[in-house]
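[1] What follows is a predicted structure for the sequence shown.
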Amino acid sequence: MQKHIAVYISNNDDKETLIERLVSGHLITELTQLKGAFFSEITLDKFINEERRHGLFDITTEKKNSLSHSSEGERKKALLQHLISQNPEYLIVDNIFGNLDTSSQQDIANTVSQLGTRIPIIQITNRKREILPFITALYRFDGETLIKTKMESLIWNSKFDAPLPASLHQEVHPYNTLVKFHNVQVSYGERPILRDICWEIKPGEFWQLMGPNGSGKSTLLTLISGDNPKAYGQDITLFDIKKGSGESVWDIKKNIGFFSADMVRGFARLDAIGNMIVSGFFDSIGLYKTPTNAQIKIAHQWLQVLSLFEVRKQAFSSLSLGHQRLVLIARAMVKSPPLLILDEPTNALDDADAALFCNLVNKIARETRTAIIFVSHRTEADLKPDFVFELTPGKQGSTGKMK
Ligand SMILES: Nc1ncnc2c1ncn2[C@@H]1O[C@H](COP(=O)(O)OP(=O)(O)OP(=O)(O)O)[C@@H](O)[C@H]1O
């Protein structure tokens, strides 16, 4: 084996088997007798679960916070330090930069590269541009063994030809302004998070919300989606209604289509693909109401856009990760919401699936009147937002401005 290798996997590859074989030392014979460590979101989730269940704080961040109250960047740095402190003889890193901003990516890359002067690093990645600079050989996994490959052989194609369905409603967007923040402030305890945020989103606009880990992107989203009590007493207008003037959370939620990468886990994996899309009309997980013919027609049109019409009766779980996300975006879009929120939607997608996902979002922005907020800490090469709203952290909380 060369010292540092990367295994490039697509979302269709059997990553579970790959990890299992790598971790057990069966795939690379030179590592069989050595003690390895595994840096991944799976490992992180295990520690977070332990912490939540048993109040164990095996790992704490630099600021001595628990993992569950830390940002993604803080968590990953803490996990890496913890693994290094166990003196591993090799390190497997999976999706090393997932959900990390540029500066956290740099920190993690530096630490891993320093570690690489002492022990072998095996990187599992589905993004070409995330391959660490000191990697000397690239492999693919065929389900059984590792096969040496070249960077140039990794290519893909991503297009949607059919037009998007029209909305069921006559007047799609009766609103003048979807979101209006004026000097919004949020603190958790003594700690200021957001400061003087002014942001206005009009119908049909396509925004990317960016900011480093912990800058308050998710907090800002919860102020919009009606889930954060800190929205009260602030100068916030949502769908032309001033916050705190008697609106219900439902009044707000009915106007929003929401997608986050975590949502995939919440769905019964046996639901049929077609039903999954129709259920978006009822905001339910699973289909318990009988849809109208018009609703079924729209769902079918979405299936055609995604080239999934022929397989609509198959289980959602039979789809690749990338296609599952496309189905969920269609599910969020069937009711033609005035606002579509996509929270870190490309996390863990490979290059091909990320390009596919971004192209669908661009198409929605072009062909519908739905406004979009695409939250991401990184620039997506294929994404074409009209505007970028960027949060910049500071001692008094993050400020935001249009980039
Ligand atoms: N309920 C809470 N109680 C205390 N602190 C919180 C709470 N929710 C968030 N925070 C803190 O507020 C800060 C902003 O968190 P938020 O999740 O909004 O950032 P983010 O930009 O979405 O980060 P990431 O990119 O890592 O997801 C973080 O430092 C986080 O630890």
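    Yep, it's here. Residues are numbered from 1 along each chain as shown.

[2] just for the stretch 251-400 of the chain, where's the confidence low?
    265-270, 284-288 (pLDDT under 70).

[3] Pick out the residue in it sitting closest to the ligand.
    Minimum separation of the stretch 251-400 of the chain from the ligand (CB to the nearest ligand atom) falls at His377, amounting to 5.2 Å. The way it works is simple: take the backbone N, C-alpha and C, and place the C-beta from them, glycine included.

[4] Just to check, that residue is in contact with Phe97?
    No: counting by CB atoms under 8 Å, Phe97 is not a contact partner of His377; they are 9.4 Å apart.

[5] of these two, who's got more company?
    Using other CB atoms under 10 Å as the criterion, His377 and Phe97 rank with His377 on top: 26 against 22.

[6] can you pull the contacts of that one?
    His377 makes contact with 99-102, 210-213, 217, 344, according to CB atoms under 8 Å, 6 or more residues apart in numbering.

[7] how far away is it from Thr43?
    For His377, the distance to Thr43 (CB to CB, to the nearest Å) stands at 21 Å.

[8] Could you check stretch 187-205 against the ligand for contacts?
    Yes: applying CB under 6 Å from any ligand atom, one finds stretch 187-205 in contact with the ligand at 188, 193.

[9] mind checking how far that stretch is from the chain centre?
    20 Å (CA atoms, centre = their mean, to the nearest Å).

[10] And for stretch 293-303?
    Here the centre of stretch 293-303 is set off from its chain's centre by 27 Å, with CA atoms, centre = their mean.

[11] What are the contacting residues of that stretch?
    With contacts defined as CB under 8 Å, 6+ apart, stretch 293-303 is touched by 162, 164-165, 168, 273-274, 277-278, 281, 291, 309, 312, 330, 333-334.

[12] Among these, which one has the most neighbours?
    Ile277 (31 neighbours).

[13] if I look at that residue, how far off is Ala330?
    5 Å.

[14] Next up, the contacts around the residue nearest the centre of the chain.
    Centrality entry for the chain: nearest residue to the mean C-alpha point is Glu344, 2.9 Å, by CA atoms, centre = their mean. Applying CB under 8 Å, 6+ apart to Glu344 gives the contacts 99, 260-261, 375-377.

[15] Next, give me the two most distant ones among these.
    Farthest apart among the contacts of Glu344 by CB to CB are Ser260 and His377. That separation is 13.9 Å.

[16] Test my guess that Tyr90 contacts Ile121.
    Yes: if you go by CB under 8 Å, Tyr90 and Ile121 touch, sitting 7.4 Å apart.

[17] Now do the domain split for the protein, please.
    5-153, 179-402 (automatic domain parsing).

[18] Ranking those by mean neighbour count, which comes first?
    domain 179-402 (a mean of 18; mean count of other CB atoms under 10 Å).

[19] start to end distance for it?
    15 Å (CA to CA, to the nearest Å).

[20] Distance from that domain to the middle of the chain?
    Using CA atoms, centre = their mean, the offset of domain 179-402 from its chain centre is 11 Å.

[21] can you list the residues of this protein near the ligand?
    So far as CB under 6 Å from any ligand atom goes, the chain lies against the ligand at 69-73, 188, 193, 211, 213-219, 377.

[22] which ones among these are found in helices?
    The helices in this structure, assigned by DSSP state H, contain 72-73, 217-219 from the residues of the chain next to the ligand.

[23] Can you show me the strands along the stretch 201-350 of the chain?
    206-210, 235-238, 241-242, 256-260, 339-343 (DSSP state E, counting those that start in this stretch).

[24] which one's the longest helix in the protein?
    Per DSSP H, the chain has its longest helix at helix 351-367.

[25] for it, packing partners?
    Applying 3 or more CB pairs under 8 Å, 6 or more residues apart in numbering; DSSP states H and E, we find helix 351-367 packed against helix 321-333, strand 371-375.

[26] would TSV of these with distance to Glu50 be doable?
    Formatted as TSV, the helices and strands packed on helix 351-367 follow (distance: least, CB to CB, whole Å):
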stretch	distance to Glu50
helix 321-333	26
strand 371-375	28
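
[27] Let me see the residues that make contact with stretch 168-184.
    Taking CB under 8 Å, 6+ apart as the rule, stretch 168-184 contacts 194, 196-204, 223-224, 234-240, 255, 294-295, 298, 335-336, 338-339, 369, 371.

[28] swap in stretch 95-104?
    39-41, 72-73, 76-77, 105, 108-109, 112, 123-127, 130, 132, 211-213, 215, 344, 347-348, 377-378.
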